[in-house]
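# below are the sequence and a predicted model; questions follow.
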Amino acid sequence: MAANTDFIIQEVKNQRMNKIAVKGMAKFVSTVSVALFTLVTATQALAQGDAAAGAEKITVCLACHGQDGNMSQIANVPKIGGQNADYLLKQMNDIKSGVRAAPLMTGMLNNLNDQDMADVAAYYASQAAPQGAAEPEKVALGESLYRAGNADIGVAACSACHSPNGQGLASAGYPALSGQDPAYTELQLRAFRDGVRNNDDAQVMRSIAARLNDAEIAALASYVAGLR
Ligand code: HEC
Ligand code: HEC
């Protein structure tokens, strides 16, 4: 009988302990959830650029890229207005850290922190995309390579990643090529081919450009300028 009572008392104690443990666990879990939520929100806040704030931070960019990002008075300065923000931000980070060589931009990004860079990327992304024109005699070769690639030499169709109208794929950070200054596009394709530009993840552009000859590069650069 006594043993039985002891057993019941022990059982009640155990249940109390369990309740306390469960309560403690619940509190712990909710603390962790709050911490995680705060972390996620903070990360999102950092990655989200504010275009209006960015407009106040482009003073040093104006001389070369202009207010709308598409002033192209200077040879080989890319048009960046309307380009997707993820691509712009990746390039700014790569240029700032020296992963992508851009001698004319030396020091230009030094006074911008991560949030400033995201803001500036959002600002230029919010501008109108440029429009250009292709040279008629380069369209046939450019179009066929752009849309179908060349299975014989292992060149993938550019349209698969840069989209049929050359607007790129913003969600993946693949750049728009349409309306870009052909001299700049040509320079980049040569730089990928020669390995001078090597900041493309998984060598995606180097492996393609390595198989293109000068005439094909010139045709592609002209063709994409006219896409819209
Ligand atoms: C003195 C001229 C100059 C100034 C000022 C300048 N840039 Fe550039 N920028 C260039 C040139 C030239 C390139 C192309 C580099 C190359 O040949 O690879 C470039 C490339 C870029 C790219 C890559 C574009 C692409 O399509 O890959 C971005 C983004 C960019 N600049 C943003 C900026 C921002 C933001 C500022 C201001 C904080 C700025 N630049 C200031 C000349 C300039
Ligand atoms: C598998 C996807 C893929 C294919 C196919 C592809 N590209 Fe790209 N391309 C990219 C990515 C990603 C980048 C950005 C690399 C980086 O991070 O700097 C890029 C960058 C570029 C740039 C530099 C843009 C700038 O503003 O500096 C040019 C020019 C370009 N590609 C042209 C082409 C052409 C022409 C073809 C077809 C012959 C092609 N690409 C095929 C994914 C692709």
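Nice, I can see it. Residues are numbered from 1 along each chain as shown. Ligands and ions are numbered 1, 2, ... in the order given.
# and for residue 144, the neighbour number?
The number of residues packed near residue 144 is 15, by other CB atoms under 10 Å. Where C-beta positions appear, they are placed from N, C-alpha and C, glycine not excepted.
# does residue 88 touch residue 127 like I think?
No: in this structure residue 88 lies outside contact range of residue 127 using CB atoms under 8 Å: 10.7 Å.
# looking at these two, which one has more neighbours?
Using other CB under 10 Å as the criterion, residue 88 and residue 127 rank with residue 88 on top: 24 against 20.
# confirm that one sits in a helix?
Yes: counting by DSSP: H, G, I helix; E, B strand; the rest coil, residue 88 is part of a helix.
# quick one: contacts for the closest residue to it other than its chain neighbours?
Distances taken as CB to CB, 6 or more residues apart in numbering place residue 121 nearest to residue 88, at 4.0 Å, with adjacent residues excluded. Residues near residue 121 by CB atoms under 8 Å, 6 or more residues apart in numbering: 49, 54, 85, 86, 88, 89, 92.
# how about the residues of this structure by ligand 1?
58, 60-61, 63-65, 76-78, 80, 88, 91-92, 102, 104-105, 108-109, 120, 175, 187 (CB under 6 Å from any ligand atom).
# which among the residues you listed end up buried?
Among the residues of the chain next to ligand 1, those classed as buried by 16 or more other CB atoms under 10 Å are 58, 60-61, 64-65, 77-78, 80, 88, 91-92, 102, 105, 108-109, 120, 175, 187.
# which residues of the chain fall in helices?
Applying DSSP state H to the chain gives helices spanning 2-47, 51-55, 62-65, 85-97, 114-125, 139-148, 159-162, 182-194, 204-209, 214-225.
# show me the shaky parts of this structure.
Scanning the chain for pLDDT under 70 picks out the ranges 1-47.
# phi first, then psi, for residue 133.
The phi/psi pair for residue 133 (degrees, to the nearest 10) reads phi -140, psi 150.
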